[in-house]
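Peer 1: Sequence unavailable; structure follows:
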């Protein structure tokens, strides 16, 4: 199924063509993001089929959508709500799995995907146990004033999220690029004082 992502902040300003055969998914941690709420209202006004993936039960976006999934990631303690992002990605994977099973995804492929999702909590615990190693890496780059994050295919959105988190938490300038595009200009900015984080799934 063709799928694309679009910032809700730009959606209503471009007079979008809304297709009644397209499923629109509104994403919000708080469920109160005004741009997302306005996009949902625009979709509904134009006859769009919209569901929500929202963390906060009873929030404005959840009420406006009327159907969808609650992420149940817990309260947002900091701006960088990595747990909400992780739950959003898992929710998308589950939606894709459900739509795939309705169509022609084999039982074997479906089982493989479910097993991978079930393995995530243990994998996250394993990563969290490496905090001393992470601290060593952070210490090595603590004085960096700029960073690049690069990735390809599924690594590209993760690179963007990584750059966003670094900016939000450390106030260090960070940019994400598709790895293949790095050579078209941004490569000239890289020097020994500008580290790159490469996402390799």
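Peer 2: Alright, I've got the coordinates. Please read these numbers as outputs of a predicted model, since none were measured by experiment.
Peer 1: Please name the residues that touch the residue nearest the centre of the chain.
Peer 2: Closest to where the C-alpha atoms of the chain average out (CA atoms, centre = their mean) is residue 85, at 5.3 Å. Shown in contact with residue 85 (CB atoms under 8 Å, 6 or more residues apart in numbering): residue 161. (Glycine included, C-beta is placed from N, CA and C.)
Peer 1: In terms of pLDDT, where does it sit?
Peer 2: Residue 85 is assigned 86 on the pLDDT scale.
Peer 1: After the helix or strand hosting it, which helix or strand is next?
Peer 2: Residue 85 is part of helix 82-102, with elements assigned from DSSP states H and E. Counting by DSSP H and E, the next helix or strand C-terminal to helix 82-102 is helix 107-128.
Peer 1: Buried residues, that next one. List them.
Peer 2: Using 16 or more other CB atoms under 10 Å as the test for burial, helix 107-128 gives residue 113.
Peer 1: How about residue 67, nearest residue that isn't a chain neighbour?
Peer 2: Spatial nearest neighbour of residue 67, excluding adjacent residues (CB to CB, 6 or more residues apart in numbering): residue 51 at 5.1 Å.
Peer 1: and if you look at residue 38?
Peer 2: Closest to residue 38 by CB to CB, 6+ apart is residue 12, at 5.2 Å.
Peer 1: ok, back up a step: how far away is the residue nearest to the centre of the chain from residue 45?
Peer 2: 29 Å (CB to CB, to the nearest Å).
Peer 1: just residue 125 next, same as before
Peer 2: From residue 125 over to residue 45 the distance is 45 Å, taken as CB to CB.
Peer 1: same check, this time on residue 88
Peer 2: Counting by CB to CB, the gap from residue 88 to residue 45 is 25 Å.
Peer 1: higher neighbour count, these two?
Peer 2: Between residue 88 and residue 45, counted using other CB atoms under 10 Å, residue 88 has the larger neighbour count: 21 against 10.
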